[in-house]
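J.: Please find the sequence and the predicted model below.
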Amino acid sequence: MKYNRVLLVKFYTKVGYGPRRPPVGLGYIAEALKNAGIPYEVLDCDLGYTTEDLLEKVKNYKPDLIGISMVTLGYLSFYEIINQLKDACSCDIVVGGPHISTMREEGLADCPGIDYGIVGEADRSIVALCEGKPLDQIEGLVYRSNEEIRFNGVVPPIKDLDSLGFPTYEGFELEKYYGFKTELSLVTSRGCPYGCIYCSVRLIIGSRMRFRTANNVVDEVEHWIKLGYHSFAIMDDNFSHDRQRVLDICDEIERRGLSGFKISLANGLRADRVDRELLQRLKDVGAFEIQIGVEAASDPILKFLRKGEKIDTIRKSIELALDLNYDVGTCFLVGTPGEAWDDVQDSFRFVLGYPLTRAFFFNIIPYPGTYIYDYLKKEGLMLKQPEMYLGTLRQNSNEPVFYTPELSVKQRKKLLRQARRVSDKVRYKYLRNRLSRFGPLAVLPAFLGSWHISVPFLKRSRFFNLAILPHYLRTRKQKSEDSNQ
């Protein structure tokens, strides 16, 4: 069966306060369909669209296939929407993204409205499905055959990423993504060879690292600069894994004379994969922000997490980035097995000891297929079954789903509340410093921009967005410096 009219949908994820960037994963799928000559339209529910809007879109567009990208947290509500869609239209539904890559056959078994799932990289599998290739020959496909649910096996990693093309976001409502100017995501590599016990990335995109060439990456940057975009966020899981490639990207940007844009290394770099030359070269071509995953300020906890780094290495990388005048953010976990009250306090003291831009503290959510999930289940430490916490929790939930001998549930909740206050304090100090030239008048915007429940409608606003105030101030400062040269 062929599909000639596709509606691509991204479900509402409730991450932060509204989307800053168009979804790059769906952008790659849209690009694959466009290159294959398959008509499609896009609805990103993070832009404020309701289930009713989605049903109306289906009614008006009349697709014969709906492609849905969804995450795992809160999946039960997504299943309800999928079943509503199935009841309301006669088209088939294919689901991709992190959820189906983790749950696989179980996803179709639990949700009768799903006709197909694509596990792993869907760029080519979605085209094969639309073009009518026999179902049992489509790599990565989960599908129904009579009364059975079958899975063709994981898609082999796509080696030549340059051949995929980069997202041009045709059909996306780019003007609706908040910010003073839409920031675009760049994904320049895929895969993760590391074994962090809490992470499900390897389950989704595999452990083998694959890279776009420097020329291909800079082609994408140049494409968007010509269209008037000057803000990019590199979302690779391991952007600096190949050091020479990063230097080649910087060289190519300079060779083409591209300038006047900003790069955020928003998804983080490993502390053991950076050095002064690398960070300086990135700084030379527009990088201004770096995120470093710390997870814990304790070597024993890092060892249990199989992070493959020591806290001394992480400290040196943070200090190096700060010395080069980067905005530096960090990420931590709270409640790792073996982590005691004082260990978490060490993490709090760690972040308060630096002039960081942000400090995120995350409640650990064990995903099936990860080592920490198997460990907690084996040790009998789970408080809830995965279908309950994965199906109902949302991003940034502070509800513990397991306990440890070192920390009771009550203590974990208390620490997570304290972590939020520490995060707010870090953010307030940063904003207060950035706004210092306004004197006492800086107190209120710094407070509102750092307070975790501060006026959500302001953070959603495209015109008065405190969440990106530092980026705006940096841009203004850079323009002023450029004009004085």
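T.: Alright, I've got the coordinates.
J.: use CA for all of it now, contacts and neighbours both
T.: Will do.
J.: For the stretch 151-300 of the chain, which segments count as strands?
T.: Taking DSSP state E, counting those that start in this stretch to define them, one finds strands in the stretch 151-300 of the chain at 184-186, 189-190, 210-211, 231-234, 262-269, 287-295.
J.: Could you list the low-confidence segments of this protein?
T.: For the chain, the stretches with pLDDT under 70 are 14-19, 178-181, 395-396, 442, 449-485.
J.: got the domain boundaries for it?
T.: Here the domain parsing of the chain from automatic domain parsing is 6-151, 183-481.
J.: Kindly reformat the ones you listed as JSON lines containing mean neighbour count and distance to residue 172.
T.: What follows is the domains of the chain, written out as JSON lines (neighbours: other CA atoms under 10 Å; distance: least, CA to CA, whole Å):
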{"stretch": "domain 6-151", "mean neighbour count": "19", "distance to residue 172": "6"}
{"stretch": "domain 183-481", "mean neighbour count": "18", "distance to residue 172": "12"}
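J.: want to try TSV for those, with distance to residue 159 as columns?
T.: As requested, the domains of the chain are exported to TSV (distance: least, CA to CA, whole Å):
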stretch	distance to residue 159
domain 6-151	11
domain 183-481	6
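J.: Residue 169 is nearest to which of those?
T.: domain 6-151 (5.7 Å; CA to CA).
J.: what's the span of the closest one from first residue to last?
T.: Chord length of domain 6-151, first to last residue, is 22 Å (CA to CA, to the nearest Å).
J.: and if you look at stretch 152-167?
T.: Start-to-end span of stretch 152-167 (CA to CA) is 27 Å.
J.: Flag every buried residue along that stretch.
T.: Buried residues in stretch 152-167, counted by 16 or more other CA atoms under 10 Å: 152, 154-155, 157-158, 161-162, 164, 166-167.
J.: quick revisit: now the strands of the stretch 151-300 of the chain in TSV, please, with extra columns for distance to residue 281.
T.: Putting the strands of the stretch 151-300 of the chain into TSV (distance: least, CA to CA, whole Å) gives the following:
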stretch	distance to residue 281
strand 184-186	18
strand 189-190	19
strand 210-211	19
strand 231-234	15
strand 262-269	12
strand 287-295	9
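J.: Now stretch 423-432 - C-alpha only, PDB.
T.: Extracted C-alpha coordinates of stretch 423-432, given in PDB (Å, rounded to 0.1, in the frame of the first residue of the first chain):
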ATOM      1  CA  SER A 423      19.000  26.600  40.300                       C
ATOM      2  CA  ASP A 424      17.100  29.900  40.800                       C
ATOM      3  CA  LYS A 425      19.900  31.400  42.800                       C
ATOM      4  CA  VAL A 426      22.500  30.500  40.000                       C
ATOM      5  CA  ARG A 427      20.200  32.000  37.400                       C
ATOM      6  CA  TYR A 428      19.500  35.100  39.500                       C
ATOM      7  CA  LYS A 429      23.200  35.800  40.100                       C
ATOM      8  CA  TYR A 430      23.900  35.500  36.400                       C
ATOM      9  CA  LEU A 431      21.100  37.800  35.200                       C
ATOM     10  CA  ARG A 432      21.800  40.300  38.000                       C
END
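J.: Could you shift the numbering so residue one becomes 25, and keep it that way?
T.: Yes, from this point I'll number from 25; that puts the last item at stretch 447-456.
J.: List the contacts of the residue nearest to residue 384 when sequence neighbours are not counted.
T.: In this structure, residue 384 finds its nearest non-sequential neighbour in residue 355, 4.7 Å apart by CA to CA, 6 or more residues apart in numbering. When contacts are counted by CA atoms under 8 Å, 6 or more residues apart in numbering, residue 355 touches 315-319, 383-386.
J.: What of residue 151?
T.: For residue 151, the contact set (CA under 8 Å, 6+ apart) comprises 56-57, 60.
J.: mind listing which of the residues you listed are in strands?
T.: If you go by DSSP state E, the contacts of residue 151 have nothing in strands.
J.: Nearest to residue 456 among those residues?
T.: Comparing those against residue 456 with CA to CA places residue 56 closest, at 44.9 Å.
J.: Which residue, neighbours along the chain excluded, lies closest to that closest one?
T.: For residue 56, the spatially nearest residue (CA to CA, 6+ apart) is residue 147, at 5.9 Å.
J.: mind checking which helix or strand the one you found is in?
T.: Assigned by DSSP states H and E, residue 147 falls within no helix or strand.
J.: List the residues that contact it.
T.: Residue 147 is in contact with 52-53, 56, 188, counting by CA under 8 Å, 6+ apart.
J.: among those, which two are most distant?
T.: Maximum distance among those (CA to CA): 9.6 Å, for 53 and 188.
J.: check contacts around residue 109.
T.: With contacts defined as CA under 8 Å, 6+ apart, the neighbours of residue 109 are 79, 137.
J.: Need the contact partners of stretch 408-421.
T.: Here stretch 408-421 makes contact (CA under 8 Å, 6+ apart) with 37-39, 96-101, 386-387, 391-392, 425-426.
J.: and with 10 Å instead?
T.: Residues from elsewhere that reach stretch 408-421, judged by CA atoms under 10 Å, 6 or more residues apart in numbering: 37-40, 95-103, 123, 385-392, 397, 401, 407, 423-426, 440.
J.: So which of those sit within strands?
T.: The members of these that map onto strands under DSSP E are 385-387.
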